[in-house]
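> Just the structure for this:
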Amino acid sequence: MDTMDDSVDPGLLRERVYGKLKELLNAGKLKPGAFLDLSAIGKELGLSRTPLRDALIRLEIEGFVRIYPRRGVMVRSLDLPTIKGIYEQIGALESAVVWNMGPKFTAEDAARMREYNEEAQAALDRDDFSGYYQANLAFHGVYLGLSDNAELVRSVEILKERLYDFPRRSGFVKEWELVSLREHGELLALLDRRDFAAASDWVRDVHWSYESQERFIKRYYSEGALRREV
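Below is the predicted model:
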């Protein structure tokens, strides 16, 4: 891994360290439930503990790690209660965007969403989960991009990273993704009618409902992959 020069601008360095740690999380090199060897990470990145500490504080705020005084820093694991809470948060946030976007939502936006849904379907047909995942994010990104609340959108991005990039899984539950695409179609039908209140409810109460998706969630993460923190 490339080392970093901690004499550069502190803000830029913090961003670079944060990005590198996220890459390690995504790649599964920092294991959920394990304490981090900060000395080894600092040596590998070629920097002092200060920018590393700053990046870890940010990762703790975002929910990726937990800092235990006098014990160290642990990569947070996902368990079912945590996943349920994340679903509730994403559902509430995306629902608020849909509720408020009425004047901005255009036929062109709907067409882009349909295009991304078709791309996601094509990716599933060839068992390309990475392609599906990117098209799925882009589908939701169309209406999220209409929000004026940048912090809300960033919060949604972080929550989805915690669900899907922690680390990124190579497998998927195809039945779940097919159901998700049908739900996208239902959402588009409501948006075509410009029934933004019903569309908002659909996003929160169906698409991002933990109870509605629980059977798939348990299969996707699998009981063996869900661990509680010590």
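> use CA for all of it now, contacts and neighbours both
OK.
> Can you pull the poorly scored residue ranges out of this structure?
Residues of the chain meeting the criterion pLDDT under 70: 1-11, 166, 170, 223-230.
> can you map out the strands along the protein?
65-68, 72-75 (DSSP state E).
> What distance do you get for residue 174 to residue 127?
8 Å (CA to CA, to the nearest Å).
> Then residue 159?
For residue 159 relative to residue 127 (CA to CA), the value is 25 Å.
> Residue 157 too?
From residue 157 to residue 127 the distance is 24 Å (CA to CA).
> what about the residue most central in space within the chain, distance to residue 27?
The centroid of the chain falls nearest to residue 160 when counting by CA atoms, centre = their mean (1.4 Å). Going from residue 160 to residue 27 by CA to CA gives 16 Å.
> What about residue 19, how many residues nearby?
Neighbour count for residue 19, taken as other CA atoms under 10 Å: 13.
> Quick one: residues contacting it.
By CA atoms under 8 Å, 6 or more residues apart in numbering, no residues touch residue 19.
> just residue 31 next, same as before
25, 75.
> Phi first, then psi, for it.
Dihedral pair for residue 31: phi -80, psi 130, per degrees, to the nearest 10.
> With residue 79 instead?
Here residue 79 shows phi and psi, under degrees, to the nearest 10, equal to phi -130, psi 170.
> Settle it for me: which of residue 159 and residue 127 has more neighbours?
residue 159 (21 against 14).
> wait, that one sits on residue 85?
No. Counting by CA atoms under 8 Å, residue 159 sits too far from residue 85 to count as a contact (10.0 Å).
> Next one: residue 196 from residue 89, what distance?
For residue 196 relative to residue 89 (CA to CA), the value is 19 Å.
> Which one of those two is surrounded by more residues?
A count of neighbours by other CA under 10 Å puts residue 196 above the other of residue 196 and residue 89, at 21 against 17.
> before we move on, the earlier item: of the strands of the chain, which approaches residue 48 most closely?
strand 72-75 (16.4 Å; CA to CA).
> May I see the buried residues of whichever helix in the chain runs longest?
Assignment by DSSP state H gives helix 80-100 as the longest helix of the chain. Across helix 80-100, burial judged by 16 or more other CA atoms under 10 Å covers 80, 83-84, 86-100.
> now do stretch 162-170
Buried positions in stretch 162-170, judged by neighbour count with 16+ other CA under 10 Å: 162-163, 165-167.
> Tell me the one of those nearest residue 204?
residue 163 (16.8 Å).
> State the distance from the closest one to residue 42.
27 Å.
> now the end-to-end length of stretch 144-152.
Stretch 144-152 has an end-to-end distance of 9 Å (criterion: CA to CA).
> And for stretch 58-67?
11 Å.
> roughly how far out does it sit from the chain middle?
14 Å (CA atoms, centre = their mean, to the nearest Å).
> try stretch 99-109
With CA atoms, centre = their mean as the basis, stretch 99-109 stands 23 Å off its chain's centre.
> residues of that stretch that come out buried?
Those would be 99-101, 105, for stretch 99-109 by 16+ other CA under 10 Å.
> Dump the residues you listed into JSON lines; add distance to residue 208 as well.
Putting the buried residues of stretch 99-109 into JSON lines (distance: CA to CA, whole Å) gives the following:
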{"residue": "99", "distance to residue 208": "15"}
{"residue": "100", "distance to residue 208": "18"}
{"residue": "101", "distance to residue 208": "18"}
{"residue": "105", "distance to residue 208": "21"}
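> Looking at those, point me to the pair that's furthest apart.
Within those, two members stand farthest from each other by CA to CA: 99 and 105, at 10.8 Å.
> Which parts of this protein belong to which domain?
Split into domains by automatic domain parsing, the chain comes to 10-75, 80-225.
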